[in-house]
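1. sequence and predicted structure below; questions after.
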Amino acid sequence: MAVLGVLGGSGLYDIDGLEDRRAVAVESPWGEVSDEIVTGRLGGLDVAFLPRHGRGHRLAPGGIDYRANIDALKRLGVTDILSLSACGSFREELAPGTFVLVDQFIDRTFAREKSFFGNGLVAHVSMAEPVCGRLGDLVVQAAGALGLALHRGGTYLAMEGPQFSSRAESELYRSWGCDVIGMTNMPEAKLAREAEICYATVAMVTDYDCWHDDHGAVEVATIVEVLNRNADAGRALVKAVAPLLAAERPAACHKGCDHALDHALITAPAARDKGLAAKLDAVAGRVLSPRES
Ligand SMILES: CSC[C@H]1O[C@H](OP(=O)(O)O)[C@H](O)[C@@H]1O
Ligand SMILES: Nc1ncnc2[nH]cnc12
C-alpha cells in the first residue's frame, strides 16, 4: 500500500485535514529528524508530514539532516514523497506565484552528507531521471482538477547557501539553462532515490533571484509574503494528490523508483561493513540479506 510523505519547505510547517492525526517522534540511526512527523489519513491514503526546517524554521538548509529525514519517512512506510519548496526563478515567464514541477537538478551543494552508502558498502544509483514521472503525472492531474496553473518541467539548481547568490552566480546558472534555484532539494532527491522512494517536487516561485533588472536583490520578507499567499494552494495540491495516489499505488512504480537498488550495490557480500549494513535496515533492507540488515 502507498504512504505519501510530504516534505514541507519554507512557509509550510503543517498540513490540515488529516483524519486520525498523530505526531510521532521517529528515531533514525542517521541522526536527528527535523521534527516530529505528523501522520494521518487524507483522501483514503496514509500520509506522513515533515517540515524539513522543523517547526519555527529552526534548521538552515545546510543544517538539515537529510539522511535522517528520508530514513525516518522510509521507516514509516513512505513509498512516495511530495516535496514543496520555495525557489527563485531564472525565467521571466516563471513569475513569483508560479508552481513548477521540477524534473531535473544540478547539485552545487558541497557541505552535506549525500549518500546512505560509502566505504564498506558502496552503491551507485541512477539519477538520470531524478524525479518520479508517475508521481509527477498525478501532481499534474491534481493541479488540473484544482484549476491551479502548474508549469511542468524545469531544472532546479541546488545551491549550498544560506546566503543567496551573487549576481554573477545568478547569471551563470541562467546561462546553464537552469529554471529555478533553491537550497534544499539536493541531496534530498538523491537520498529518496537510494531509499527507493518515488520523489517529486513542486517548487513555488517566490522571487526572481537577483539577475532581473526590474527586481532588486532577494529578501526573506518578500519570499515569506509570496509564500503565505501560496501556502494554501500548496496544501490543496497535497489534498488533491492523496486520493489519486491511493487509486494508483497498489501497483508498483512503473518508472522503477521502488527498485532503484536492484543493480546498485557493488561491494562483495563478504567485504561489507556489518555496522553500515545494520544502519541500512530501512533504506536497503529489501536488497540486503536478512543477516546483514
Ligand atoms: C526562506 S528563503 C530560502 C529557503 O527557502 C527554500 O527552502 P525550502 O526549499 O525548504 O522551501 C530555500 O531552499 C531556502 O532554504
Ligand atoms: N532566490 C533564491 N535562491 C535560493 N533559494 C531560494 N528560495 C527562495 N528563493 C530563493
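-> Alright, I've got the coordinates. Ligands and ions are numbered 1, 2, ... in the order given.
2. three-state assignment of whatever residue of the chain ends up closest to ligand 2?
-> Among the residues of the chain, residue 88 lies nearest to ligand 2; the distance is 2.3 Å by Cβ to the nearest ligand atom. Glycine gets a C-beta too; all of them are placed from N, C-alpha and C. With DSSP: H, G, I helix; E, B strand; the rest coil as the basis, the three-state label of residue 88 is strand.
3. wait, residue 5 touches residue 48, no?
-> Yes: applying Cβ atoms under 8 Å as the test, residue 5 and residue 48 come out as touching, 4.9 Å apart.
4. that older thread, tally of neighbours for the residue of the chain closest to ligand 2?
-> For residue 88, the count of nearby residues is 27 (other Cβ atoms under 10 Å).
5. I'd say it and residue 218 touch.
-> Yes: counting by Cβ under 8 Å, residue 218 is a contact partner of residue 88 at 6.2 Å.
6. need the overlap of contacts for the two.
-> Taking Cβ atoms under 8 Å, 6 or more residues apart in numbering as the contact definition, residue 88 and residue 218 share the neighbouring residues 164, 207, 209.
7. tell me which parts of the stretch 101-250 of the chain are close to ligand 2?
-> Taking Cβ under 6 Å from any ligand atom as the test, the list of the stretch 101-250 of the chain residues beside ligand 2 reads 159, 164, 181-183, 206-207, 209, 218, 223.
8. coming back round to it: and the residue of the chain closest to ligand 2, what's its pLDDT?
-> pLDDT recorded at residue 88 is 97.
9. and it, what does it touch?
-> Remark: with contacts taken as Cβ under 8 Å, 6+ apart, residue 88 is in contact with 164-165, 180-182, 205-209, 218.
10. ranking by neighbours, what's the top pick from the shared contacts of residue 88 and residue 218?
-> Among the shared contacts of residue 88 and residue 218, residue 209 has more neighbours than the rest - 27 neighbours, counting by other Cβ under 10 Å.
11. separation between the residue lying closest to it once chain neighbours are set aside and residue 167?
-> By the measure of Cβ to Cβ, 6 or more residues apart in numbering, the closest residue to residue 209 outside its immediate chain neighbours is residue 88, 3.6 Å from it. Between residue 88 and residue 167 the computed distance is 12 Å (Cβ to Cβ, to the nearest Å).
12. what's the answer for residue 22, then?
-> Spatial separation of residue 22 from residue 167 under the definition Cβ to Cβ is 47 Å.
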